[in-house]
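**Q** kindly return the folded structure for what I paste below:
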Amino acid sequence: MAKKLFVTRQAVSRWENGETIPNVDTLKLISNIFDISINSLITDNKLNDMQDDKMNANRFLGFAQLYENSRPAIPDSACDIVLNYLGHKPKQIVDLGCGTGLSTMAWIGKCDNIIGIDPNEEMLSIAKQKSNDISFIRAYSDKTTLPDHSTDIVICSQSFHWMNPTDTLKEVNRILKPNGVFVTADCDWPPVCSLEAELAYSQLLNKVRFLELENKDIFKTFRRWNKDKHLQNIKQSGYFRYCREIVFLNKEKSNADRFIGIALSQGGLQTILKTRPNLIEKDIGLFEKKIKSIYADKEFDINFCYRMRIGVK
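**A** Just a heads-up that it's a prediction; the model follows:
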């Protein structure tokens, strides 16, 4: 295919993975090779993007409260880093893929206007109960409905891997002001606590990944982009004059129920519970029993390992 199109194999791979799209001349060649119109190629891609958006939004239906009770909020230290790169108090911050508003709330008092955007109405219903100082909008990451050059900071906390990076970064560039900052913030799973608990967590989530790959009916219910390519995607977009990754820890308190909830709040596990529960219920039971045997009723420290990728426009 690469030889016929006079491109590298890596270029074809990037098209297949949704990282880039062919230019017009290459689309013409593809249409000739497969005897299909360019319009059909473009329409099908857009339709697939719309289907991906809807699938990924629906992936988080049914466990919004569990997510809210278990997941970490973005720490103040992370906000301070972002504000330092901006260099002044922001007038507007957008939390893209805000979910239940855990990361959105962290910006109260740090800017004049805060907007949370998410396509999942169930998640937003929890977010909207938290504060009258935040505007929550139901929208997708590539169609925020916001004006051009209206925002100082756009942050995706635990969410960018559910968004088409090309379309989302294009929209981020549109709404960001000159010198604005784009941020993705993700935790490494499991959180740092103890060897036995982390091994139990990893065993359960490895089973989830295995089931996703082995069962097409599960695999087809989502599209996830590789977190390890976030920084690369930000750099390759060409929208930002400075990009880097920052890694840090943040300590929080936990108990056995919260640690179990963190595992159960993972979208992949919930998808299996909703579609093929018999495949994972036994593993969940063993995991819960193990964590409760380790911690009983004790409170303990856990450290969330964050990877924050930053682009300054």
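**Q** packing partners for the one helix or strand L124 maps to?
**A** Secondary structure from DSSP states H and E places L124 in helix 121-127. With contacts taken as 3 or more C-beta pairs under 8 Å, 6 or more residues apart in numbering; DSSP states H and E, helix 121-127 sits against helix 64-70, strand 113-118, strand 134-138. All C-beta atoms are positioned from the backbone trio N, CA, C, and that covers glycine.
**Q** got the contact list for S125?
**A** By C-beta atoms under 8 Å, 6 or more residues apart in numbering, the contact list for S125 reads A64.
**Q** ok, L102 next?
**A** L102 is in contact with 68, 71-74, 157, counting by C-beta under 8 Å, 6+ apart.
**Q** reformat those residues as a markdown table; add distance to S13.
**A** Below are the contacts of L102 laid out as a markdown table (distance: C-beta to C-beta, whole Å):
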| residue | distance to S13 |
| --- | --- |
| E68 | 38 |
| R71 | 33 |
| P72 | 34 |
| A73 | 37 |
| I74 | 33 |
| S157 | 29 |
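**Q** now the buried members of those.
**A** Taking 16 or more other C-beta atoms under 10 Å as the criterion, what is buried in the contacts of L102 is 68, 71-74, 157.
**Q** spatially nearest residue to V183, not counting backbone neighbours?
**A** Distance criterion C-beta to C-beta, 6 or more residues apart in numbering; nearest residue to V183, sequence neighbours excluded, is I155 at 4.3 Å.
**Q** what number of residues lie near the one you found?
**A** Per other C-beta atoms under 10 Å, the neighbour tally for I155 reads 27.
**Q** angle of the helix or strand hosting it against strand 113-118?
**A** Using DSSP H and E, I155 sits within strand 151-157. For strand 151-157 against strand 113-118, the angle between stretch directions is 40 degrees (axes from the mean of the first three to the mean of the last three C-alpha atoms, to 10 degrees).
**Q** distance from the chain centre to strand 151-157, please.
**A** Between the centre of strand 151-157 and the centre of its host chain there is 13 Å, according to C-alpha atoms, centre = their mean, to the nearest Å.
**Q** alpha carbons of the very next helix or strand once past that strand, in CSV - could you do that?
**A** Counting by DSSP H and E, the next helix or strand C-terminal to strand 151-157 is helix 165-175. C-alpha atoms of helix 165-175 as CSV (Å, rounded to 0.1, in the frame of the first residue of the first chain):
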residue,chain,number,x,y,z
PRO,A,165,-6.5,13.8,19.2
THR,A,166,-6.4,15.4,15.7
ASP,A,167,-9.9,16.8,15.9
THR,A,168,-9.7,17.7,19.6
LEU,A,169,-6.4,19.6,19.2
LYS,A,170,-7.8,21.5,16.3
GLU,A,171,-10.7,22.6,18.4
VAL,A,172,-8.4,23.4,21.3
ASN,A,173,-6.3,25.6,19.1
ARG,A,174,-9.4,27.4,17.9
ILE,A,175,-10.7,28.3,21.4
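**Q** off-centre distance for helix 165-175?
**A** Relative to the mean C-alpha coordinate of its chain, helix 165-175 is positioned 14 Å out (C-alpha atoms, centre = their mean).
**Q** list the contacts of that helix.
**A** Contacts with helix 165-175, where a contact means C-beta under 8 Å, 6+ apart, come from 18-21, 49, 94, 96, 141-144, 146-151, 154, 156, 160, 182, 225, 229-230, 233-234, 237, 239, 313.
**Q** buried sites along that helix?
**A** 165-169, 171-175.
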